[in-house]
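Colleague: next comes the sequence, and after it the predicted model I'd like to discuss.
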Amino acid sequence: MMGDNNIITKKVVCPHCKNEITTQGASGETIEILCPKCNTKGIFAFPKEEPVSKSTTDPVAIEVNNIEFTYPKSNKKAVNGVSFGINKGEIFGFLGPNGAGKTTTQKVIIGLLKGYGGNVSILGKDLQSWKTDLYNRIGVGFELPNHYQKLTALENLELFASFYRGKTIEPMKLLEMVELEKDANQRVATFSKGMKSKLNFARSLINDPEVWFLDEPTTGLDPVGRRLIKNIILEKRKEGKAIFLTTHNMLDADELCDRVGFIVDGKLKLIESPRELKIRHGKKIVKLEYLKDGDLIKQDFDLKNLADNKDFLDLLRSESVQTIHTAEATLDDIFIKATGRQLK
Ligand SMILES: Nc1ncnc2c1ncn2[C@@H]1O[C@H](COP(=O)(O)OP(=O)(O)O)[C@@H](O)[C@H]1O
Ligand SMILES: [Mg+2]
């Protein structure tokens, strides 16, 4: 089932007294551990589930080398020397503010913009050597949905399915997947923004693509819709699809991506897994609220060497503590630190 996480058992060693502790959690989950021997608190992140790749051949799905693109009549490079690779069974997130060059990069890779510099290879073949059969193997969710407004949702998908030579997924199944089955026979013109967004997303899967491009797929959706779309994306990764996800939403990137690339002004500033980024750039803190003379005081402590922090220990012993929890830097904070720019 979608969204199901297997429970993993791990042995961790207490950093303070070296006691071995057995702990359980879901893949990708971060939990707090209390050492039963010395009472040291720690944070443990369970590894994200290993994606299962369908194919045992070349794991590389996309390789982009030093690409550049300038729009006609523009004097500025919209994409300026971008390089990265994506493996099958991997979600690669392209994270950056509006105008950074995310959509342009996606358009270059899928062959919509001619006259780019650098090299693009998809499924082991240079983009220039691909003919229209490339479009049977990739799926694209465009930033702005374009459907036939006068046709129903079902008719739209049936029409798009007819464009493909290979096997396609049953349109009604796709509508069920995005919970639009009840609206299947409604004209798209009557759809809300969120419904159009879901239909656009469903359409990008119609040929069951090996490489899947998604440009801001959660735009215009409510929290329930976002959750649904994100669960499908995670499910498709498990099937071994290579996923290129473009977003300016750091929460989505954090939750979904195996690796993220930070893009600003057409340039990739860094590529790293969200977890690594947080470990490397993010300081973990413990937030405490305690009562002093009837007032609620808030204080943050560095998680590092907390067991030796006298102020912290005194507070704990004084029994005036009301709440205690840990917090870590968000991708948003790290983005600003790494690029000097805000995401929004
Ligand atoms: N069709 C176009 N013609 C000229 N300039 C464009 C066009 N599309 C985008 N741009 C410019 O290229 C840059 C990158 O845009 P885009 O790739 O759409 O960014 P993002 O998807 O990250 O928001 C921006 O400066 C934008 O104004
Ligand atoms: Mg865009």
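Modeller: Sure thing, it's come through. Ligands and ions are numbered 1, 2, ... in the order given.
Colleague: and the lengthiest helix in the chain, what does it pack onto?
Modeller: For the chain, the longest helix by residue count, based on DSSP state H, is helix 223-238. With contacts taken as 3 or more Cβ pairs under 8 Å, 6 or more residues apart in numbering; DSSP states H and E, helix 223-238 sits against helix 193-203, strand 242-247, helix 250-256. C-beta here means a position set from N, CA and C on the backbone, and glycine is covered the same way.
Colleague: among the ones you listed, show me which one is buried the most.
Modeller: When you average the neighbours per residue for each of these (mean count of other Cβ atoms under 10 Å), strand 242-247 leads with a mean of 26.
Colleague: can you give me the helices in the protein?
Modeller: 102-109, 134-137, 153-162, 171-177, 193-203, 223-238, 250-256, 274-281, 310-318, 331-339.
Colleague: turn the helices and strands packed on helix 223-238 into a markdown table, including mean pLDDT.
Modeller: Shown next, in a markdown table, are the helices and strands packed on helix 223-238 (pLDDT from 0 to 100):
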| stretch | mean pLDDT |
| --- | --- |
| helix 193-203 | 96 |
| strand 242-247 | 96 |
| helix 250-256 | 90 |
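Colleague: so which of these comes closest to ligand 1?
Modeller: Ligand 1 lies closest, by Cβ to the nearest ligand atom, to one member of the helices and strands packed on helix 223-238: strand 242-247, at 6.6 Å.
Colleague: where's that closest one relative to the chain centroid, distance-wise?
Modeller: Offset of strand 242-247 from its chain centre (Cα atoms, centre = their mean, to the nearest Å): 7 Å.
Colleague: give me the contacts around it.
Modeller: Strand 242-247 is contacted from outside by 61-62, 86-95, 102-103, 105-106, 109, 143, 210-218, 233, 236-237, 252-253, 256-257, using Cβ atoms under 8 Å, 6 or more residues apart in numbering.
Colleague: and ligand 2, which of those residues contact it?
Modeller: Applying Cβ under 5 Å from the ion to those, one finds that K102, T103, E143 fall near ligand 2.
Colleague: go ahead and build a PyMOL selection from the buried members of those.
Modeller: In PyMOL syntax, the buried subset of those is picked out as below (16 or more other Cβ atoms under 10 Å):
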select buried, resi 102+103
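Colleague: wait, which of the ones next to ligand 2 among the contacts of strand 242-247 is closest to L277?
Modeller: Nearest to L277, judged by Cβ to Cβ, of these is K102 at 18.2 Å.
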